[in-house]
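# Generate coordinates for the sequence data below:
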Amino acid sequence: MLSRTLHFSQQTRNLLYSRVLIVESYSGSVSSVRRPFSSSVQMLSPIVQRIDDIVKSRVDKREYRGLLLANELKVLLMSDPEADKAAAALSVQCGHLNDPWEVSGVAHFCEHMLFLGTEKYPEENEYSKFVTANAGSTNAYTSSDVTNYHFDVKTDALEGALDRFAQFFLTPKFTEGATDREVNAVDSEHSNNLGNDAWRFLQIDRNLSKRGHPYGKFGTGNKQTLMIDTKAKITRPRFNKCCEVQGIEARDVLLDFHKKHYSSNTMALVVSGKNQLDELEEMVCKLGFADIENKSVTPVVYDQAYGPEECGRFVQAVPIKDMRTISMSFPMPDLTNEYKTNPCGYLSHLLGHEGEGSVMSHLKARGWISSFSAGHRTIAAGFGEFKISIDLTIDGLEHTDDILTEVFQAIAMIRAAGPQQWIHEEVRKLRSVDFEFKDKEGPMKLATSAASALHRIPIKDILSSEYLLDSYDPERMMELSEYLRPSNMWYRVVAKKFENLPDLQKVQYQKRGVWCNFELRSACDVHRSTSASIEVVAEGNIPLFKWPVAHELESDNFSSASKEPIYGTSFSLSRIPSTTLDRFEEAFASLKTPPYLALPTPNPYIPERLSQKAESSVQSKHPTMLRDDRWSRVWFKQDDEFNRPKAVVKLSITSPYVGLDPMSMAITAIAMNLFHDSLTEFAYNPELAGLTHQVDVMNSGVDIKVRRPLEYGKRK
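Numbers count the residues shown, from 1 in each chain. All right, here's what the predicted structure looks like:
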C-alpha cells in the first residue's frame, strides 16, 4: 500500500497537478515523464494512496485496485480480461435533501443538465451519441443524499466515453438554451410518476416527517417548482413566517447548487474495463479526474426525520391499484457503519422468517395476510428506519389491530429469548457461501452500486460489506430491538375501501366533544381556533400539511382527512387511540409466548463443507440420457464451465388435459398456485440456503424446477 502526505494548499496543488498531467498526456505514459524536481513532483502525483488488498470472492476473476487522488476523489478500478462491456459510474454525495427550500427538484434538475454539453464537447448530445454508437447505454439517478451517473460501452470505446464523462465534472456548460427543455423533461418524469402508488405513498411519508426536516421536500421537482414559481415574485409561508421571495431563474439556482455541492472530496468513481489495472489507472489520471475541484465540502449528516411527536399515528391511504397493505415504520439510526456486525440483520431474519412458528405462518393460517417482510434501510446519512410490510387479504383488512398485536407478540418473543449466537452463525454462513460463490455481476450494475457505497464503505470492503459478518454483537441487537416498541411506530394502511375520504383540504378536528371544521383555502392561509390549530405551510414551493402537535397529543379523537398536494393521494391521519396503543404495548412487554409462535429450528440445508466434488472425467457439450422408458426420460448435463456449487433440476410433467381449453389452463394454474403456497413453511429453510422451487404451467403440462439461483443478501 502506497501512502504519501501532501503539504501544499489545495489551490497550489490543483495548479501543479494540472501541469504535470499536461506533460503526461503528451508523453503517453506516466512512467515515461521526466520530472525536473523528482522529490517534489513525486509528492505531487495525483495518486495519494493505492489499495490493492480488496476483499473478493474465491471465484471472482476480476482484479481490483482502489485509489485516493490528491483532490480526495475515491476511485475503484476493475480489470476483467473476459469482459465484453466496459463501464463507469461516478457518485456525488448530495441529493434532493440538499435542495434549497425555495426551489424543489434542483438536485434532480442538475442531474439532467450535466448531460447537455461541456466546454470540451459543447454539442448537447455528444456524450449520449458516442455511447449509443458504441453499443452502450447511459443513465443517472438522484436519491435522498446521492446522485449517481453511469454508462457502459463496448470495451475498446472506454477511453473515449470516459473522456466525455469526465468533462461533466470539469467544465459543464449548463447551456441556457437547454434549461426550459430539461425543465419540461423533469416535469414529464414527474407526470409519469403521478399514477405510481410507490411515489404517491412515499410523498405522504415525507410530508409526515418532522416539521422543517429536509426529508419533507419534494425531491423530483416539476415545471411548477423549477420554473413557474421561481420566476414569479410570490409570498410563501414557512415555519409560521410569511416571506417574500424575489423572482429568480432556474439556471441561476442550478449554478449555485452545483457550485456549492459538486466537489471532488464528495465524489467516488468506479471504472471497469478489459484493460490492465495500470492502464485503467493511467486513463483516470490522464483524462483529468484528478483536476476536479476540491471545494472541501462537508457532507451533511441528518438528524432523525421522525421523532416522538411523529410516532403514535396511523394513515389510511387510497391507492390507484386495487391493493391492501400495512406498512409499519420504526425510526432507527443509520447503521451503515455497522456492516461488519449487521445487528439489525438478526432482527430482520427472525421477524421475516416464513417457516413453522413464525408470525407470518400464523397470520397466513388465520387467512389475514399473503406476504410479510421486515428489514432496516438507511434513508440518508444519519437516519434510517425499520420497516415491516404486509400484504393483506380482504378479511385481514378488517383485523389490522389484531395483526399488529401479533407482530408485537413476535417481537416480544425475540426479545425474551435474547440473541442466539447459533442463529447469528447460521446467517453468517449463509452470507459467506453466497459471497464466495456469487454470480458475476454486470459491469455497469456493479460500478453503479459500488460508486454510491464508496461514500460510506472503505474501499477494502466495498465488495464484501453486504455479505461478510466479522463479529457478533448481542448487546447492540438488544439495544436496537428497543426501537421496535409501539410508541416508536407509525403505520400506514392502504386500501380502496378508504376512497370515501372527505374532499380535498377539508380538515376536521374533535376536542372535548366540539367539532371544528376548516376549509384550507390556500397555502398562505393559517387557520387558528381556541380549540385547535391546523396549518398548511410551504416547504419549498409545495404546500405540505403539518398537523397540530400539542393539541393532537391531548386527544384520542384527533382525525384529519385530505389530499396530498403533489400527487393528489387521498388519505387520513389519526392518532392511535390510547386503548389500542396500550394493547400493543402489553403485547410488546409480554414475557409469555403464545404457543403458535417459536424461534426457527436449525436449518439443515446450510452447507458445512464448501469444497466441491471432482467433476466427471467425461465431458460433453450435450446432455446425456440416463433413463428412457415408457414412464420417463432422464437427462444429465455436467457443468464444465462456471465451476459453482449450483444445480438445476427440472421435472416436466406432460399432460394433454392442461392445455385442452382456457378453463383447463385456469384450473391447473390455480391448483399449482395452491400447491406452491402450501409448501411455504417447508420450503423456507431450503430457500434461505439458496434452494428455490418454481412451478410453471405450460400448454403441454407442468414444469417444476428446483435450483440455487438466489443469494441470501438479496432475499433478505
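
# all contacts plus neighbour counts: C-alpha atoms, from now on.
Fine.

# just checking, residue 149 is part of a helix?
No: in this structure, residue 149 is strand, not part of a helix, as judged by DSSP: H, G, I helix; E, B strand; the rest coil.

# Point out where this structure drops to low pLDDT.
1-44, 233-246, 501-560, 612, 615-618, 709-716 (pLDDT under 70).

# Just the helices from the stretch 251-400 of the chain, written as ranges.
Per DSSP state H, counting those that start in this stretch, the stretch 251-400 of the chain carries helices over the ranges 277-286, 343-351, 359-365, 400-417.

# With the stretch 401-550 of the chain instead?
421-436, 443-453, 474-481, 550-554.

# give the contact list for residue 418.
Applying C-alpha atoms under 8 Å, 6 or more residues apart in numbering to residue 418 gives the contacts residue 478.

# how close does it sit to residue 111?
Remark: distance between residue 418 and residue 111 (C-alpha to C-alpha, to the nearest Å) = 47 Å.

# can I assume residue 347 is in contact with residue 481?
Yes: at 7.5 Å, residue 347 counts as touching residue 481 under the criterion of C-alpha atoms under 8 Å.

# returning to that earlier point: mind putting the helices of the stretch 401-550 of the chain into CSV with mean neighbour count?
Output for those, formatted as CSV (neighbours: other C-alpha atoms under 10 Å):
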stretch, mean neighbour count
helix 421-436, 19
helix 443-453, 22
helix 474-481, 16
helix 550-554, 14
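
# Please point out which parts of the top strand by length along the chain sit buried.
Longest among the strand segments of the chain by residue count, using DSSP state E, is strand 369-380. For strand 369-380, the neighbour count (16 or more other C-alpha atoms under 10 Å) marks 369-377, 379-380 as buried.

# again with stretch 631-641
In stretch 631-641, counting by 16+ other C-alpha under 10 Å, buried: residue 639.

# So what touches that stretch?
In contact with stretch 631-641 (C-alpha under 8 Å, 6+ apart) are residues 615-616, 619-620, 622-628.

# residues in contact with residue 59?
436-438.

# can you rerun that using 10 Å?
435-440, 642-644 (C-alpha atoms under 10 Å, 6 or more residues apart in numbering).

# ok, these vs residue 87, which is closest?
Within the contacts of residue 59, the smallest distance to residue 87 is 14.5 Å, found for residue 440 (C-alpha to C-alpha).

# do you know how far that closest one is from residue 478?
36 Å.

# For residue 332, which non-adjacent residue is closest in space?
residue 385 (4.6 Å; C-alpha to C-alpha, 6 or more residues apart in numbering).

# and the one you found, bridged to which residues?
Counting by DSSP bridges, residue 385 is bridged to residue 331, residue 377.

# So residue 655 sits against residue 664, correct?
No: in this structure, residue 655 is not within contact of residue 664 by C-alpha atoms under 10 Å, at 11.2 Å.

# So residue 88: helix, strand or coil?
strand.

# residues in contact with it?
Counting by C-alpha under 10 Å, 6+ apart, residue 88 has contacts 76-78, 138, 149-153, 158, 161-162, 165, 269-273, 443-448, 451.

# What's the ChimeraX syntax to select whichever of those are buried?
Only the buried entries of these go into this ChimeraX selection, using 16+ other C-alpha under 10 Å:
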select :76,77,78,138,149,150,151,152,153,158,161,162,165,269,270,271,272,273,443,444,446,447,448,451
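
# OK, contacts around residue 296?
Counting by C-alpha under 10 Å, 6+ apart, residue 296 has contacts 10, 71-72, 261-266.

# one more time with 7 Å, if that's ok
263, 265 (C-alpha atoms under 7 Å, 6 or more residues apart in numbering).

# my read: residue 127 touches residue 164, true?
Yes: using C-alpha atoms under 7 Å, residue 127 makes contact with residue 164 at a distance of 5.8 Å.

# between those two, which one's more packed in?
Just comparing residue 127 and residue 164: by other C-alpha atoms under 10 Å the higher neighbour count belongs to residue 127, 25 against 21.

# What strand or helix carries the more buried one?
If you go by DSSP states H and E, residue 127 is part of helix 126-133.

# Dump the helices of the stretch 251-400 of the chain to a markdown table, plus distance to residue 425 and mean neighbour count.
Putting those into a markdown table (distance: least, C-alpha to C-alpha, whole Å; neighbours: other C-alpha atoms under 10 Å) gives the following:
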| stretch | distance to residue 425 | mean neighbour count |
| --- | --- | --- |
| helix 277-286 | 36 | 20 |
| helix 343-351 | 10 | 21 |
| helix 359-365 | 22 | 21 |
| helix 400-417 | 16 | 20 |
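
# No further queries at this time; thank you.
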